[in-house]
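Trainee: Give me coordinates for this.
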Amino acid sequence: MNAKKTLALGLVAASALATANAWAGPAFRERARVVSATPIYENVDTPRQQCWTEQSGYSQEAPRGGNTAGAVIGAIAGGLLGSTVGGGNGKIAASAVGAATGAVVGDRYNTGGGAYSPREVQRCRTVSDYHQQLMGYDVTYRYQGREFTTRMPYNPGPWVMLRVNVDVAHDQSGYDQRW
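Mentor: Residues are numbered from 1 along each chain as shown. Predicted structure coming up:
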């Protein structure tokens, strides 16, 4: 594109912009008296975790170790009881099984065999936590004897500032209205 065409397009665009601004008319600022400002609230859900501890069944505690006297005494007693059963090689096997069983029983007796206690489990769930949040204000104001309403993100106080544009009113035929 040559420079003359670029210049011509620029002039056409500037002219169109100037014409559009002329239609809108000059804007000016003016203040209007606020008649009411009603706060607008919305219910907002903020989910949160709610946790608690509850007892669920029982678990056996490990036996407390330490002294081996119970196991030794149990093995001796079990071995003696086992030797009274059977005859020949069966007597030796019964003595060995009796000693092993006696050792286990004696150890459990000595250490308490482990206690059963309630098992604690933590459980959680998500709950809805609703609260009201200020979303803005419905503002009614009076300007030149008429009332208008708008929504604003803040409370404007006793006055609201307006940007007023002046434009030519046309009837449906496109001609200016005559009063």
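Trainee: The chain: strands as residue ranges?
Mentor: Under the criterion DSSP state E, the chain contains strands at 27-45, 48-60, 116-127, 130-143, 146-152, 159-165.
Trainee: Who are the contact partners of the closest residue to residue 128 other than its chain neighbours?
Mentor: Using CB to CB, 6 or more residues apart in numbering and skipping residues adjacent in sequence, the residue nearest residue 128 is residue 45, 5.0 Å away. Backbone N, C-alpha and C define where each C-beta goes, glycine included. Contacts for residue 45 (CB atoms under 8 Å, 6 or more residues apart in numbering) come out as 128, 129, 130.
Trainee: and the chain, what are its domains?
Mentor: 26-44+132-179, 48-62+115-127, 65-111 (automatic domain parsing).
Trainee: Next, residue 128: phi, psi?
Mentor: phi -90, psi 130 (degrees, to the nearest 10).
Trainee: so how far is residue 44 from it?
Mentor: To residue 44, residue 128 is 10 Å away according to CB to CB, to the nearest Å.
Trainee: next one: residue 76
Mentor: 76 Å.
Trainee: just residue 124 next, same as before
Mentor: From residue 124 to residue 44 the distance is 22 Å (CB to CB).
Trainee: between residue 76 and residue 44, which one's more packed in?
Mentor: Neighbour tally, residue 76 and residue 44, criterion other CB atoms under 10 Å: the higher count belongs to residue 76, 15 against 11.
Trainee: Identify the residues contacting the closest residue in space to residue 124 that isn't next to it in sequence.
Mentor: What sits nearest to residue 124 in space, not counting adjacent residues and going by CB to CB, 6+ apart, is residue 51, at 4.2 Å. Residue 51 sits next to 122, 123, 124 when contact means CB under 8 Å, 6+ apart.
Trainee: at 10 Å instead, please
Mentor: 122, 123, 124, 125 (CB atoms under 10 Å, 6 or more residues apart in numbering).
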